[in-house]
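Enquirer: below are the sequence and a predicted model; questions follow.
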Amino acid sequence: MKGLMQASRPLTVSASRKGFSGCIRVPGDKSISHRSLMLAALAQGRTRVYGLLEGEDVLRTAEAMRALGATITREGTVWTIDGRGVGELTEPSDVVDMGNSGTAARLLSGILSSHGMNTFMTGDASLRSRPMRRVTDPLSENGASFLTRAGGRLPMAVHGTEKARPITYRLPVASAQVKSAILLAGLNAHGRTVVEEPVATRDHTENMLRHFGITVDVFAMDEGGCRIELTGPVSLTARDVTVPGDPSSSAFPLVAALLVPDSDLLIENVGLNPLRTGLFTSLREMGADLTIENERTEGGEPVGDLRVRSSRLRGVDVPASRAPSMIDEYPVLAVACAFAEGTSRLRGLHELRVKESDRLAATVALLEANGVKVEVKGDDMIVHGRQGALGGGRVQTHMDHRLAMSAIIFGLAADRPVQVDDTAFIETSFPGFVDLMNALGAGLGTGTST
Ligand code: S3P
């Protein structure tokens, strides 16, 4: 697979001349898509995946699972995976390249740690700068070893073990990736794997493991949070998976519709797992006219349609305890706060510093470049709502898809055009984003600014 985007795609974004109306769908959930390919490759039998996100990040995972011996084909939009079974993946003949995807790299590290073989893993410049010790430290406890660059960075060699010991681990950071890596390692370990998370994070791994037929126990802890346990080794049974629309991707058209006058938009088939919906709660607290219709359960996950209309927003105080349920949504929430009346305080954002970019610094820079007054106090971001004309700045996106989309949404609502240095990385999570916004009338064109 060729590397993502050698050529950058700059974009100048002007205010939308009309509101966003109609009915759209966003691509499949990224977290669920990665997990569906990984678990299907570990299952016995044939899995069909419907609605898989065909973004660069997930295509990397597909490529990696193929390199590890699974047979993966695509017909139309249906993906078919013939799995190899837990413990039965085979050593790749070349380096596996996880591109821009931290989720792919970290979850796969867990799987590889309990396979008796050596795998070499790398990623793009963004991923090569991100910390891997958060998974390699706990995973080393099962008998695997990892050789990384300084600072625990990729490229990395994984020396897995076929005699993996089960791990008991209390998460020092709220991270579904770390939790998932340990649970996935536990599938091929002999005994009880235990993960304690002080604050609940997205539970797609647990849900999907159950979907593939194994028991995952979850206990509430007296001091808050929960303990997740499974007993290995297990055998997973192939089961078809339907992937809902990604709530994190829905956030961009949703905030655009809130900010641009005369909008009335329906976003269909969005995943509503309660551990993912902190943004919707926060926007409602800001006065957003946002309702959920047609709520239902599909493939073990709650799903619904989001109805959003232009709204006058006011400032909000988002507690740190909500961060895990909206960790990827802060850049676009900060954009909404910039156009709101009054001051917003977004608390407990330390994890944003280690995303595809330092999202805390990059979001502050995005806002400041466009005339917004913003402060960082400790781990909190304080955004002062609209005071005069906004826009006119140049945004650096640092290989980060969510910054690029947030900058575009800012530009669609701003008084002066916003220049975005590179929109190419949007392909990692939301292929077709610019076309979708243009179909709604956004009028986005490509090219350098004048
Ligand atoms: C993800 C977990 C989150 C999130 C990422 C996807 C997952 O990362 O930011 O986009 O699929 O498990 P952390 O585990 O680092 O919080």
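Expert: Arrived safely, thanks for sending.

Enquirer: can I assume Gly392 is in contact with Phe410?
Expert: No - Gly392 is beyond contact range of Phe410, at 10.8 Å (criterion: C-beta atoms under 8 Å). (Glycine included, C-beta is placed from N, CA and C.)

Enquirer: mutual contacts of these two, please.
Expert: With contacts taken as C-beta atoms under 8 Å, 6 or more residues apart in numbering, the residues that reach both Gly392 and Phe410 are Asn370, Val418.

Enquirer: more neighbours, the two?
Expert: When neighbours are counted by other C-beta atoms under 10 Å, Gly392 and Phe410 differ, and Phe410 comes out ahead with 31 against 15.

Enquirer: confirm that one sits in a helix?
Expert: Yes - using DSSP: H, G, I helix; E, B strand; the rest coil, the assignment for Phe410 is a helix.

Enquirer: OK, contacts around it?
Expert: Val13, Val335, Ala338, Leu366, Asn370, Leu390, Gly391, Val395, Val418.

Enquirer: what do you get for Thr397?
Expert: Counted by C-beta under 8 Å, 6+ apart, Thr397 has contacts Ser357, Ala362, Leu403, Ala404, Ala407, Val420, Asp421, Asp422, Thr423, Phe425.

Enquirer: if we use 7 Å, what do you get?
Expert: Residues near Thr397 by C-beta atoms under 7 Å, 6 or more residues apart in numbering: Leu403, Ala404, Ala407, Val420, Asp421, Asp422, Phe425.

Enquirer: can you give me phi and psi for it?
Expert: Phi and psi for Thr397, reported as degrees, to the nearest 10, are phi -100, psi -10.

Enquirer: thinking again about what came up before, redo the contacts of Phe410 as a markdown table? Include neighbour count.
Expert: Formatted as a markdown table, the contacts of Phe410 follow (neighbours: other C-beta atoms under 10 Å):
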| residue | neighbour count |
| --- | --- |
| Val13 | 27 |
| Val335 | 32 |
| Ala338 | 26 |
| Leu366 | 28 |
| Asn370 | 24 |
| Leu390 | 22 |
| Gly391 | 21 |
| Val395 | 26 |
| Val418 | 27 |
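
Enquirer: closest one of these to Val255?
Expert: Val335 (6.2 Å; C-beta to C-beta).

Enquirer: what sits against the closest one?
Expert: Contacts of Val335 by C-beta under 7 Å, 6+ apart are Val255, Ser406, Ile409, Phe410.

Enquirer: the first one and Ala336 touch, don't they?
Expert: Yes - under the contact definition of C-beta atoms under 7 Å, Val255 touches Ala336, with a separation of 5.1 Å.

Enquirer: more crowded one of these two?
Expert: Ala336 (30 against 27).

Enquirer: do you know the pLDDT at the more buried one?
Expert: What the model reports as pLDDT for Ala336 is 99.

Enquirer: confirm it sits in a helix?
Expert: Yes - looking at Ala336 with three-state DSSP, it is inside a helix.

Enquirer: touching, it and Ala257? I think so.
Expert: No - using C-beta under 7 Å, Ala336 is not in contact with Ala257, being 11.0 Å away.

Enquirer: can you list the buried residues in stretch 409-427?
Expert: By neighbour count on 16 or more other C-beta atoms under 10 Å, the buried set for stretch 409-427 is 409-414, 418-427.

Enquirer: closest one of those to the ligand?
Expert: Phe425 (13.4 Å; C-beta to the nearest ligand atom).

Enquirer: now that closest one: closest residue in space, sequence neighbours ignored.
Expert: What sits nearest to Phe425 in space, not counting adjacent residues and going by C-beta to C-beta, 6 or more residues apart in numbering, is His401, at 4.5 Å.

Enquirer: now swap in Arg284 and tell me
Expert: Leu290 (5.8 Å).

Enquirer: neighbours of that neighbour, how many?
Expert: The burial count for Leu290: 20, using other C-beta under 10 Å.

Enquirer: I figured it hits Asp305, correct?
Expert: No - counting by C-beta under 7 Å, Leu290 does not reach Asp305; the two are 11.3 Å apart.

Enquirer: is any part of stretch 38-53 close to the ligand?
Expert: No - judged by C-beta under 6 Å from any ligand atom, stretch 38-53 stays clear of the ligand, getting no closer than 10.9 Å.

Enquirer: who's in contact with that stretch?
Expert: For stretch 38-53, the external contacting residues (C-beta under 7 Å, 6+ apart) are 27-30, 33, 36, 58, 61, 65, 68, 70, 78-86, 107, 111, 187, 208-209, 212, 235-243, 246.

Enquirer: how about the residues of this structure by the ligand?
Expert: Ser31, Thr103, Ser175, Ala176, Gln177, Ser180, Arg202, Ile327, Asp328, Glu351.

Enquirer: for the residue nearest to Ser93 when sequence neighbours are not counted, what are its contacts?
Expert: Of all residues not flanking Ser93 in the chain, Ala67 sits nearest, at 7.5 Å (C-beta to C-beta, 6+ apart). Applying C-beta under 7 Å, 6+ apart, one finds that Ala67 lies in contact with Pro92, Asp94, Val96.

Enquirer: and the last one, how many neighbours does it have?
Expert: Around Val96 there are 23 other residues, counting by other C-beta under 10 Å.

Enquirer: could you pull up phi and psi at it?
Expert: phi -90, psi 130.

Enquirer: the residue nearest to it when sequence neighbours are not counted: which element?
Expert: Spatial nearest neighbour of Val96, chain neighbours left out: Ala64 (4.6 Å); criterion: C-beta to C-beta, 6+ apart. Ala64 belongs to helix 56-67 when assigned by DSSP states H and E.

Enquirer: what about that helix, distance to the chain center?
Expert: Relative to the chain's own centre, helix 56-67 is displaced by 16 Å; criterion: C-alpha atoms, centre = their mean, to the nearest Å.

Enquirer: likewise stretch 121-134?
Expert: The gap between where stretch 121-134 is centred and where its chain is centred comes out at 16 Å by C-alpha atoms, centre = their mean.

Enquirer: for stretch 20-36, same thing?
Expert: The answer for stretch 20-36 is 11 Å, by C-alpha atoms, centre = their mean.
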